[in-house]
Structures are given as C-alpha cells and as structure tokens.
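[1] Sequence and predicted model, in that order:
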2 protein chains.
Amino acid sequence: MVQKTIRNAKTTQKSPPAKAPGPAVSPLISPLAPKSFPKLPPLAGVRLATVAAGVRYKDRTDVLLALLAPGTQVAGVFTTSRTASAPVLWCRDKLKGGEARVLVVNSGNANAFTGKAGLEGVREIAAEAANVAGCRPQEVFMASTGVIGEPLPSHKITAVLAGLVTQGAAGNWRAAADAIMTTDTYPKAATATAMIDGVKVTINGIAKGSGMIAPDMATMLSFVFTDASLPASVLQECLSAGVGPSFNAITVDSDTSTSDTLILFATGKGGKHTAIAKAADKKLTQFRRALDAVLLDLALQVVKDGEGAQKLIRIDVTGAQSDAAARRIALSIANSPLVKTAVAGNDANWGRIVMAVGKAGEAADRDKLKISFGGHVVAEKGMRAAKYNEALATKAVSGRDVQIAVDLGLGKGAARIWTCDLTHGYIDINGSYRS
Amino acid sequence: MVQKTIRNAKTTQKSPPAKAPGPAVSPLISPLAPKSFPKLPPLAGVRLATVAAGVRYKDRTDVLLALLAPGTQVAGVFTTSRTASAPVLWCRDKLKGGEARVLVVNSGNANAFTGKAGLEGVREIAAEAANVAGCRPQEVFMASTGVIGEPLPSHKITAVLAGLVTQGAAGNWRAAADAIMTTDTYPKAATATAMIDGVKVTINGIAKGSGMIAPDMATMLSFVFTDASLPASVLQECLSAGVGPSFNAITVDSDTSTSDTLILFATGKGGKHTAIAKAADKKLTQFRRALDAVLLDLALQVVKDGEGAQKLIRIDVTGAQSDAAARRIALSIANSPLVKTAVAGNDANWGRIVMAVGKAGEAADRDKLKISFGGHVVAEKGMRAAKYNEALATKAVSGRDVQIAVDLGLGKGAARIWTCDLTHGYIDINGSYRS
C-alpha cells in the first residue's frame, strides 16, 4: 500500500472533524507541487464532507460526498478504455438525465474489473445515497480510484453516507481534495471567477491523479463545480471543448485508466443571470475562458505530480500537416522513455527527439525539421544547428521547467502536450503499488 | 560514454590481432545472457575483420568489415522511421542491385541526422571500400550505430579499410559481434544448418541492440550470412516473412531507431544444390525454418539484453478479432510502463493487464477476457478468477521468464510479443548515455 500520499496539512482549509483521522504526513512531495493549496471560496449549492471509511487505506480519509442543490445540471467526460470501471459505466448512463444531487467518490479501490458484484456495489451505493439525500438514484454520480480487480467493500461506503449528509459543509475543499488521492503527493484544486452578462459566477475544481496518465483521458478524477445556471447540454459542450487542451493534453506514462472521470456540475445557486441556451453564446465567453483555465490548472497539477516527476516538460509541435499529425508527433515525443530519461539526466539529447519524430508515422522532412530546447535551436537543416551550444542546450533541460519545440516546416498543424520526466521514483512507486 | 559494453572474452573464438585493442571487460552483464557465445562455423564466401578505429569509443574495436564472395546475393529490412539514417538510405537504394561484396559497420556514431555531410561520408566509405575490395560502390553495404546527430568522422573509417581487407578471416564471428555493440552487455550470435534438396547449408548471424527497441524494427543491427545459393528476390521474401515473428515481435521501450538494419547475404559458396527460383519452393522449407530460428534466436538475445532487463516477458494474445488486433493488444501490454514495472517488482498486478487491454482500442469484452500468469488463471468472467491464488500468481512473475497470456474470447486472432521488465537499470543507462 502506498502511504506517501498526502501533503502536510498546514492549510487555511478546515481540518476534518476530530473523529475522522486526517491525512498522513508525506515525506515525499513532488518538487513541482504548488507552494500552497489555493483558497477556494464556498460555492452556493455545494456542500462537502469526507470520512475515513477504511475502504483500503488506514488512518486517512477515503470517501468524499458532495451534496448538490436541487436542479443541479451535470456534464461529464470519461475514459475511452474498453474495460471501463463499474462507476464509469453508471455515470455515463445517468448523464442522460442531465441532473445531479449527490457525488460519492472513494479512493483505494477502483471497482474496475469486478464483474457483476462491482455493478451491484454501485447500485447499492446509489440507492443508499439517494435514500439519505432525498433524491432519485439516477441523480447520484460516483467515482472510484485505486487498485483494479479487487472486490469493492461497498458496505463500508453505504455505512457512512448518512453521517456524511449531516456533516456536509460549504468550505471543505481541502478535505475533499485530500480524500480522493491515491499515489498523489499533494491535493489538487483550482478556482476562478467570471462574469456572465454582468453577474459574477465562481468555478471551483478538485482533481487527483499521478500515474496511468495519458489521453484520453488521464488516470485521473476531477470534479468541477460552478454556481452558474447553465443547462446540461451547454455544460457538456463547454466541457468537451475544454478537455482537449487540458486533460487530454497531458501524459505521464502513456497508460490509460479504466476509471478516468471528469464531471462538471452547475448548481445555478449563484447570482441570477440571463438564461443561456447555447455554448456559443457570446455572454459565455468569459465563463468558458475561466473554465478552460481551471481545467488546465488542474491538468498541469496532475502531470506535475506524475509518479517520480522531477521536471515538467512542455512539448510544442508546429508546422505539421494537420493538428492531428502535430498531436501524434508531440505524444510520440512525450511518451518516449528515451526522451523522458534523457531529460531526467539533464542530457540535451536532441537525437532522441529526431527519433521520436521519425517513429510517429507522420510526414516529416529531415531537412526542414527544426528542434529547440528552451528557445535555443539545437538542430535544423538536417543536422546539428550551426550555432549549437552544448552549455546552452544543457542548461535548457536542467531546470524544473523544460520546453521542447519542434517545427516540421510542412504546414500549419500545431499541438501542445505536457509531460514529466521518467526517473527512479517512477520505478520505485510502480514496482510496489499493489503489494 | 557507455563502457559497460562487452562480456569478458573467455571464448573459443579467435581474439582480435594484438595491435587492435580487445573489448573492455564489463562488470555488468544481463542476467538473461546466454551462458556462452555460440560456436559459429566458418562460412564459405565470408571473411571478417575488425579494428579499433577510434570513431568514438576508446580501447575497443568499433569497425567491422565483411568481405563477400563475388556474386553474393543480398536482401534487407530497414527501419520505418521517417528520419532514417544516411546508411539506411544508402542500403535501401543499393538493395535494388541485389548483389553485395562488402559490408562495413561502425559503432559509436549512428550517422543519423547528419545532413549532407552524413551522406557524403557514406559515399566516401563506399568508394574506398570498393577500391580496396575491387568491386563497385553499389556492392558495398553499410550500417552505423551509436549517437544520433554527431558528424561521423568518416576519415577514421576509410583509413582502416585497406588494412581490414588484408586481415579478413573466415572464423572471426566473435570479434565481429563484439565490434558492433553499443550499450549491449554481451555479443549476440546464432547459427543453424539446413538441407536444401539433400545439400547441407549453413546460416550464421550476429546482432546488436539493447535500447530504442520496438517494431518495426528494433533499434538494432543484424547481419545474417548463408552459403546457400539463392537469388536476391527469394532471399528478400524469406527475410520479410521471417522478420514478423522475430525482430518485429520484440519491444524494449517502444522507441524505434533511425538506424535499424537487418541484412541477409547468400554467398552461394557452400555445397552445390538445385537452383531455387521461388521462396515458396518446398525444397526451401527446411532452410526457411532454420533462418526463422536464427532470426528469433537473435531477436530474443536483443530483448534479453534490453537496457536494465532482469526478466524476459512473453505475451501471448489469443481470441482476438484478428491477428492485427491481437498484435496491437500484445504491444499495448508489452509497452505499458505500469505492466513492466509491476513485473520488475514481482507484483502479479493483473489489473494493469486489464488496463493495457482496455487502452489498446481493439474490441474487448470484459466478461469474456481471461488472463493467465505462467498458466495460472488470475482473471476471468469479468473479475478475479474464483481459483485465484496470490502465491501462485506471484511466483509466476518472480522468475527470469515471465509468461502472460490473454484470451479475449472473441475470435481467432493471435499474436506473440516479447519484451523485458522496466527497472532502475534502464533509467541509469538512459539518463547518461550521451554524456
């Protein structure tokens, strides 16, 4: 069991109640972690509560319950895995209703590949959550993260739901972010505000994830809440567009989870604003920009917590024949173990970038290819750049933030992908995750 | 520079001449290495010589020259990379002629992404080799392996060719295998004999490669020689078919090299046998079986020398909708860092197999999937197997040879892929290869 999960809780957020054991103190926090947990304001129509239910972990919270105001609209994006988990199958189906009243999340057990018992567990949790919250089961959304293939002890979760409903409070964002972590080394949250037709609305989001991260989607859970009043169809369009350059633009290890879940809830309990019927409505421009910023912030926090990560790597591919081609080339670079280990070793090994471009299967012309590290051109015109400087190139890959740019010189296709380096830490964490 | 390259040379093969420094003694040899270098018989029509030319490495041999009898027929398979090296571009073009008289191989520098100077270097080497061997430049084949993007000091190679021609001898297989290594921890060779219509023929092959290994092809060089008398077109058909279940069925890190080269030479200088005009000729059955065995032997030696490898992993996928689907699923498993690190940690984490099947994008039905480790069924009917035994499952992933089998239960498609585990050794080697 992984215990290096949680950042020391010196925070402005409220601590969990005394009876619920707080998160363990981790000696190992990603060097790329934000300096502090952001201050998230309470959000009208959302109440949060967490508890240590002992699903798998000991001495830490592992169940989150979010109570949502009546009429809350919901949108979601889920893993493309052909072996998706029981909660993913449930949520996909219930999304059709467009309304949500409860979100239940557990860490420690993914309830994936657990057969009919797994689906039965989901139904039991939904029934009990609906019972204690006073809503219909189809208004209960769920997510599970942790080990695959172990039967979920759903009775441990149903047993705590009534208590959580009574404890739900508006400000528990830090506790919520803590409870959903697995191998994460710090809790992840982001917030933004925007004006819709002159009325201020707020967006708060939390996320977890640090391994099994690759589009589409990352092995990650993220829950984003707004007090804006927007119909489910509009929410879905905003979310589907926003996920492209954020959660679908990060990769840690090219592995795609069975459980990836991103859900957006709109309670409609903030200030009253004009009704919005279409995502393309110009009154939504600022809101969508703020939502995109929250999604990118959360996605980058996930990749910065990539298992063993010491560096954040941004890969920009331009001049490709299409955006799709640029994306495939950028992912080929981002997922190359040889590129990731070179960056880990402060080695400006641009030959491996050439290799990764070459293997992507997209059009590339050796003599038009231009490769830069941190703005310093290292290769062009089919060979090492005339002004290549080993010290400059090495410096560019030696810091916490590494920027790799590849211009193919063929067309207008562009893509940006974020990843992290591949270090001994990744091997340590993943050689002993389950045991 | 990587010096842990060469196995201690207690061998029955002849040592290099006293003037040429021998291979360095490596303290680190893959635990999966064969116990000894195989005994390769001399092969009529092939003479070999090696020398320390100082291309990049010090105190070791780094140039191999093979002199081939007049009329030698040639076939080849090369990297699919869009940024292929200068020698690959040269060989692909010269293959059209179908005849070969000289092979020149250097280690330490890949002559890839070296622009016009790289192509010019290839031409200079071909011209000098043709000059000293008394043939046409288009009968000279070449391969380079090592760092990408560094200008090749071709003058160091042209300077030694005349001497190598005079030193060429029939039995230098061990020295040849030594000279072409880079991060390899042991030299690789295989041999077989076969009857063609009652006449015995011999096949000898050498190979190098240990990282940047993935289909199609592996980052590897391999040169296979036979004294059989077969036209280039027949050789090519045999080679193209044989590479599928051997070199294109191995993966170390999913990275594809710019330099992968597999060349098959037939000198026609063994015992005289019936003329063969078609690869499908039944008289060739035994020869093709022997060739396939040599190719698989060499390919497995490459994957067993995978950078940092401690275990050889065989992945069998059956019951897929097609062979191509089975291959994609097997590669998804073989290239998953999470699967490879779990095996490294003796962790029977079959949930990660489920994940890798799910992300492959091919049809999979959770309830029909069956997963076995070393013959012990760990998952079936959409959940952990009823007879699952943790001790048996752990034992199956704890040895040097790990066998993972996945039956999709959907159709008749099947594929077998070989890989190795992902360990700290891989990070060590690749975080400091260039520097």
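    Now that the structure is in, tell me what you want to look at. Numbers count the residues shown, from 1 in each chain, chains lettered A, B, ... in the order given.
[2] In the stretch 1-150 of chain A, what residue lies closest to chain B?
    Distance from chain B to each residue of the stretch 1-150 of chain A (CB to the nearest CB) is smallest for residue A:148, at 2.7 Å. Bear in mind the C-beta positions are built from the backbone N, C-alpha and C, glycine included.
[3] my read: that residue touches residue B:355, true?
    Yes. Counting by CB atoms under 8 Å, residue A:148 does reach residue B:355; the two are 6.5 Å apart.
[4] all helices of chain A, in order?
    Per DSSP state H, chain A carries helices over the ranges A:86-94, A:115-133, A:154-167, A:173-179, A:232-242, A:285-304, A:323-334, A:337-344, A:350-359, A:390-396, A:424-430.
[5] looking at those, which has the lowest confidence?
    With a mean of 78, helix A:424-430 has the lowest mean pLDDT of the helices of chain A.
[6] Kindly provide the distance from the residue in chain A sticking out farthest from the centre to residue A:379.
    Using CA atoms, centre = their mean, the residue of chain A lying farthest from its centre is residue A:386. It sits 41.0 Å away. Applying CB to CB, to the nearest Å, the value for residue A:386 to residue A:379 is 10 Å.
[7] How about the helix or strand of chain A with the lowest mean pLDDT and chain B, any contact?
    Counting by mean pLDDT, DSSP states H and E, chain A has its least confident helix or strand at strand A:250-251, which shows a mean of 76. No. Strand A:250-251 lies apart from chain B when judged by CB under 8 Å from any CB of the partner chain; the minimum separation is 11.0 Å.
[8] For that strand, what is the distance to the chain centroid?
    Centroid separation for strand A:250-251 versus its chain: 10 Å, with CA atoms, centre = their mean, to the nearest Å.
[9] With stretch A:78-93 instead?
    Stretch A:78-93 sits 16 Å away from the centroid of its parent chain (CA atoms, centre = their mean).
[10] now check it, is it near chain B?
    Yes. Applying CB under 8 Å from any CB, one finds stretch A:78-93 touching chain B at A:79, A:80, A:81, A:82, A:83, A:84.
[11] Describe which strands the least confident helix or strand of chain A pairs with in its sheet and in which direction.
    strand A:413-420 (parallel) (DSSP bridges).
[12] who's in contact with the partner strand?
    Around strand A:413-420, the neighbours that count as contacts under CB atoms under 8 Å, 6 or more residues apart in numbering or on different chains are A:32, A:245, A:249-252, A:299-300, A:303-304, A:306, A:308-327, A:329-331, A:333-335, A:340.
[13] just the residues of the stretch 51-200 of chain A that are near chain B, which are they?
    A:79-84, A:110, A:112-118, A:147-151.
[14] if you set the cut-off to 10 Å instead, what comes out?
    A:79-86, A:89, A:110, A:112-119, A:146-151 (CB under 10 Å from any CB of the partner chain).
[15] tell me, how many neighbours does residue A:401 end up with?
    Counted by other CB atoms under 10 Å in any protein chain shown, the residues lying close to residue A:401 total 11.
[16] check contacts around it.
    Applying CB atoms under 10 Å, 6 or more residues apart in numbering or on different chains, we find residue A:401 in contact with A:32, A:311, A:312, A:313, A:314, A:374.
[17] beta partners of it?
    Here residue A:401 sits in beta bridges with residue A:312, going by DSSP bridges.
[18] Please report how far it lies from chain B.
    Distance, residue A:401 to chain B, by CB to the nearest CB, to the nearest Å: 18 Å.
[19] What pLDDT is listed against that residue?
    The model reports residue A:401 with a pLDDT of 94.
[20] Residue A:270 too?
    Looking at residue A:270, its pLDDT reads 93.
[21] Please apply the same query to residue A:17.
    So, for residue A:17, pLDDT stands at 33.
[22] swap in residue A:6?
    pLDDT for residue A:6: 26.
[23] And residue A:83, by the same measure?
    pLDDT, residue A:83: 81.
[24] who are the neighbours in contact with the residue farthest from the centre of chain A?
    Neighbours of residue A:386 in contact, by CB under 10 Å, 6+ apart: A:377, A:380.
[25] ok, it to residue A:380 distance?
    Residue A:386 sits 8 Å away from residue A:380, going by CB to CB.
[26] what residues are shared contacts of those two?
    Here residue A:386 and residue A:380 have no joint contacts, going by CB under 10 Å, 6+ apart.
[27] quick check: domain ranges of chain A?
    A:46-304, A:312-430 (automatic domain parsing).
[28] Could you save those as CSV and add columns showing distance to residue B:200?
    Below are these laid out as CSV (distance: least, CB to CB, whole Å):
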stretch, distance to residue B:200
domain A:46-304, 48
domain A:312-430, 41
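[29] ok, residue A:365 touching residue A:407?
    No. Taking contacts as CB atoms under 10 Å, residue A:365 lies outside contact range of residue A:407: 11.3 Å.
[30] For residue A:227, which non-adjacent residue is closest in space?
    In space, and not counting its chain neighbours, residue A:227 is closest to residue A:270: 3.1 Å by CB to CB, 6 or more residues apart in numbering or on different chains.
[31] From residue B:65, how far out is the one you found?
    Per CB to CB, residue A:270 is found 78 Å from residue B:65.
[32] The two - which one has more neighbours?
    Between residue A:270 and residue B:65, counting by other CB under 10 Å, residue B:65 is the more crowded of the two (28 against 20).
[33] Name the nearest residue to that one, sequence neighbours excluded.
    Leaving aside its sequence neighbours, residue B:65 sits nearest to residue B:164 (CB to CB, 6+ apart; 3.9 Å).
[34] How about residue A:388?
    With CB to CB, 6+ apart, the residue lying closest to residue A:388 is residue A:378, at 5.6 Å.
[35] repeat for residue A:336
    Closest residue to residue A:336 apart from its sequence neighbours, by CB to CB, 6+ apart: residue A:356 at 4.4 Å.
[36] which residues touch that neighbour?
    Neighbouring residues of residue A:356 by CB under 10 Å, 6+ apart: A:315, A:329-336, A:338-339, A:404, A:406, B:81, B:83, B:255-256.
[37] Was I right to think the residue nearest to residue A:388 contacts residue B:148?
    No. Counting by CB under 10 Å, residue A:378 stays clear of residue B:148, with 11.8 Å between them.
[38] Need the overlap of contacts for the two.
    Joint contacts of residue A:378 and residue B:148 (CB under 10 Å, 6+ apart) are A:349, A:350, A:351, A:353, A:384.
[39] Of those - the most surrounded one?
    Going by other CB under 10 Å, residue A:353 tops those with 31 neighbours.
[40] correct me, but that one touches residue A:364?
    No. Contact between residue A:353 and residue A:364 fails when scored by CB under 10 Å: they sit 11.2 Å apart.
[41] which residues are in contact with both of these two?
    A:329, A:406, B:83.
[42] isn't the last one right next to residue A:363, touching?
    It refers to residue B:83. No. Look at residue B:83 against residue A:363 with CB under 10 Å: they stay out of range, at 11.3 Å.
[43] higher neighbour count, the two?
    Between residue B:83 and residue A:363, residue B:83 has the larger neighbour count (other CB under 10 Å), namely 26 against 15.
[44] which residues touch that one?
    Contacts for residue B:83 (CB under 10 Å, 6+ apart) come out as A:351, A:353-360, A:364-366, A:369, A:382, B:112-113, B:148, B:256-258.
[45] tell me the phi and psi of it?
    Main-chain torsions, residue B:83, degrees, to the nearest 10: phi -120, psi 50.
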